[in-house]
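The following comprises the amino acid sequence and a computationally predicted model.
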Amino acid sequence: MRWTSFLLLLILLGLPASLRADNRPNVLVILCDDLGYGDLECFGHPSIKTPHLNQLAAEGIRLTSCYSAAPVCSPSRAGLITGQTPTQLGIYDWIPAGSPMHVQKQEPTVARLLKDAGYQTGLFGKWHCNGKFNSAEQPQPGDMGFDYWFATQNNAAPTHANPTNFVRNGKEVGPTEGYSCQVVAGEASKWLEHRDPAKPFFALVTFHEPHEPIASPAALVETYPDADKKGEALYYANVTNMDRAVGSLMETLKRLKLQDNTLVLFTSDNGPETLDRYPNAWRSHGSSGPLRGMKLHIYEGGIRVPGIVRFPGHVPVGIESDLPVCSLDILPTCCELAGVELNDTSKLDGTSLVGMFEGKTIQRDKPLFWHYYRAYGDGKVAVRDGDWKLVALWDQGEVKPGAAYKKGDYPLIAGAKFTKFELYNVTEDIGEKENVASQHPQVVARLKKALLAKYATATANAPDWFSEAK
């Protein structure tokens, strides 16, 4: 059943007052890595089996206009935890080990705000918000509000099978047994079992799957005999294995009688990896479905991702919503649910979705905004407002996509000039096939003004990590 945003807003149930008192809701955010818009069975994949996520969607809302904060991992994660456009944080690209780039300690995060309000907070999985991981030289997850953390700097190493690079609360864990998603879900489940039951919790579970280097259980690989391309069955099994880990988390909530007062949000950090970008990506058979582009694109395939929200008794079940939402919305949504007043919202780019739960119209003060200077092609910036999406192209040519921020890149970012603009009605034209800029000059002018203003604000105080001491 498909509802328009307007009908959804009218019919969604209101939140009881108890959620703003002692019985505040728990929050579980599940973030996948490089999971494409079309990679789940409930989002139309013809082969991959995801029964637990199918059930999650059947018990809540399938979000068909759900966006990440960026088309690449570190900026997307920085945006999720801060509610801010990653560029204004200085998180311009993925963060290699040892890089000076990091989310700075003074930035408010959803974990710190909720922790200060009495929540227990935990991070489980991929961190990727600093280069000097588990070092006093840069803030670590514990400095950013997570009072318990079990994480890696970037990918599970050497692969998803028996990873050896986890750190728990500052101490190296060493070899682990099992596949990364099960290791992560198991750690989160243990934390949930031993937490203080008198306090609400915020848990951020960040699976490494299905990012390379992919490893999948042989028994699951064998369930995809028709996947005959090199690495295809490995990828399909990897998504199914992640689905099993989601199922184990939901079973933990049920066993601990937490499922009825826990808001569960499931999404991905960006679109799917491409096969030809680097040699080890031969297992990356992700799908962006009907969307244009993939990871590292500013077009929909890079930023529109699967989204599911489950909140029993507070949102309808088994429906579909085309309301544009973004991972930037997680911080203000969680804060409103927890009764946390945000004194300064001037830097926030997300919007609380609680109004949607209460049947009110959501008003964004500014359009959704994305920037990635190393995106494929000339399209580097985009905004979405309602049905409309404007893509801004620059005149610098293509900078090697996904190569990471380097010395000398900052002038490209700070001095960017945008010479052409493309306009798409992404409600009617989800694949961005028809540029209708010439037919709607007033829409272009309005969105161009908003885009350039936000770009100027985002870059005004953003750091150059290779010339400033940070």
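All right, it came through fine.

Mind listing the strands the strand or helix carrying T267 pairs with, and their directions?
Per DSSP states H and E, T267 falls inside strand 262-268. According to DSSP bridges, strand 262-268 forms sheet pairs with strand 26-32 (parallel), strand 304-310 (antiparallel).

Buried deepest among those, which one?
strand 304-310 (a mean of 26; mean count of other Cβ atoms under 10 Å). (Glycine included, C-beta is placed from N, CA and C.)

Let me see the domain layout of the chain.
2-357, 368-460 (automatic domain parsing).

what about the shortest one, start to end distance?
Counting by Cα to Cα, to the nearest Å, the length from the leading to the trailing residue of domain 368-460 is 19 Å.

what would the domains of the chain look like in JSON lines with mean pLDDT and distance to S467?
Listed next are these as JSON lines, based on pLDDT from 0 to 100; distance: least, Cβ to Cβ, whole Å:
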{"stretch": "domain 2-357", "mean pLDDT": "93", "distance to S467": "10"}
{"stretch": "domain 368-460", "mean pLDDT": "95", "distance to S467": "7"}
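
Deepest-packed of these, please.
domain 2-357 (a mean of 21).

Tell me the spacing between the residue nearest to L40 when sequence neighbours are not counted and A219.
Using Cβ to Cβ, 6 or more residues apart in numbering and skipping residues adjacent in sequence, the residue nearest L40 is T50, 4.8 Å away. As defined by Cβ to Cβ, to the nearest Å, T50 lies at a distance of 17 Å from A219.

Kindly report the same for F43.
From F43 across to A219, the span is 24 Å (Cβ to Cβ).

same check, this time on G397
47 Å.

and what of E273?
24 Å.

Send over the strand or helix carrying L249 as CSV, restricted to the C-alpha atoms.
Per DSSP H and E: L249 is located in helix 232-255. Below are the C-alpha coordinates for helix 232-255, written out as CSV (Å, rounded to 0.1, in the frame of the first residue of the first chain):
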residue,chain,number,x,y,z
GLU,A,232,27.9,-12.2,-7.2
ALA,A,233,26.8,-15.0,-4.9
LEU,A,234,29.3,-13.8,-2.3
TYR,A,235,27.7,-10.4,-2.4
TYR,A,236,24.1,-11.7,-2.2
ALA,A,237,25.0,-13.9,0.7
ASN,A,238,26.7,-11.0,2.5
VAL,A,239,23.5,-9.0,2.4
THR,A,240,21.5,-12.0,3.7
ASN,A,241,24.1,-12.6,6.5
MET,A,242,23.6,-8.9,7.5
ASP,A,243,19.9,-9.5,7.5
ARG,A,244,20.4,-12.4,9.9
ALA,A,245,22.3,-10.0,12.2
VAL,A,246,19.4,-7.6,12.1
GLY,A,247,17.1,-10.5,13.1
SER,A,248,19.3,-11.4,16.1
LEU,A,249,19.1,-7.7,17.3
MET,A,250,15.3,-7.7,17.0
GLU,A,251,15.1,-11.0,18.8
THR,A,252,17.2,-9.5,21.6
LEU,A,253,14.8,-6.6,21.9
LYS,A,254,11.9,-9.0,22.1
ARG,A,255,13.6,-11.3,24.7
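
helices and strands around it, which ones?
strand 26-32, helix 51-58, helix 180-194, helix 218-221, strand 262-268 (3 or more Cβ pairs under 8 Å, 6 or more residues apart in numbering; DSSP states H and E).

Distance to T85 added to these, as TSV?
Shown next, in TSV, are the helices and strands packed on helix 232-255 (distance: least, Cβ to Cβ, whole Å):
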stretch	distance to T85
strand 26-32	18
helix 51-58	29
helix 180-194	28
helix 218-221	38
strand 262-268	17
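
Which among the ones you listed is found nearest to M356?
Evaluated with Cβ to Cβ, the helices and strands packed on helix 232-255 place strand 262-268 nearest to M356, the distance being 12.3 Å.

Can you give the contact residues for the closest one?
With contact meaning Cβ atoms under 8 Å, 6 or more residues apart in numbering, strand 262-268 is reached by 25-36, 53, 56, 60, 63, 66, 68, 246, 250, 253, 305-311, 314, 327, 330, 337.

and that strand, how far out from the chain's middle?
10 Å (Cα atoms, centre = their mean, to the nearest Å).

Same question for stretch 203-222.
17 Å.

again with stretch 380-390
18 Å.

Can I get that stretch in CSV, CA atoms only?
In CSV, the C-alpha atoms belonging to stretch 380-390 read as follows (Å, rounded to 0.1, in the frame of the first residue of the first chain):
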residue,chain,number,x,y,z
LYS,A,380,29.3,18.1,-7.1
VAL,A,381,26.5,19.7,-5.2
ALA,A,382,22.7,19.1,-5.0
VAL,A,383,19.7,20.3,-3.1
ARG,A,384,16.2,18.7,-2.8
ASP,A,385,13.1,20.7,-1.9
GLY,A,386,9.8,18.8,-2.2
ASP,A,387,9.6,17.1,-5.6
TRP,A,388,12.5,19.1,-7.0
LYS,A,389,16.3,18.4,-7.1
LEU,A,390,18.9,20.8,-8.4
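
Need phi/psi at the residue nearest the centre of the chain.
By Cα atoms, centre = their mean, the chain has its centre lying nearest to D269, at 3.4 Å. In terms of degrees, to the nearest 10, the main-chain angles of D269 are phi -80, psi -20.

got a list of what it touches?
Counted by Cβ under 8 Å, 6+ apart, D269 has contacts 31-34, 68, 73, 76-77, 80, 206, 305.

what two of those are the furthest from one another?
By the measure Cβ to Cβ, D34 and L80 form the most distant pair in the contacts of D269, at 15.0 Å.

just to revisit the earlier point, among the helices and strands packed on helix 232-255, single out whichever gets nearest to L114.
With Cβ to Cβ as the yardstick, what comes closest out of these is strand 26-32 (7.7 Å).

List the contacts of that closest one.
With Cβ under 8 Å, 6+ apart, strand 26-32 has contacts from 77, 80, 114, 125, 200-207, 209-210, 242, 246, 249, 253, 258, 261-269, 306, 327, 330, 334, 337.
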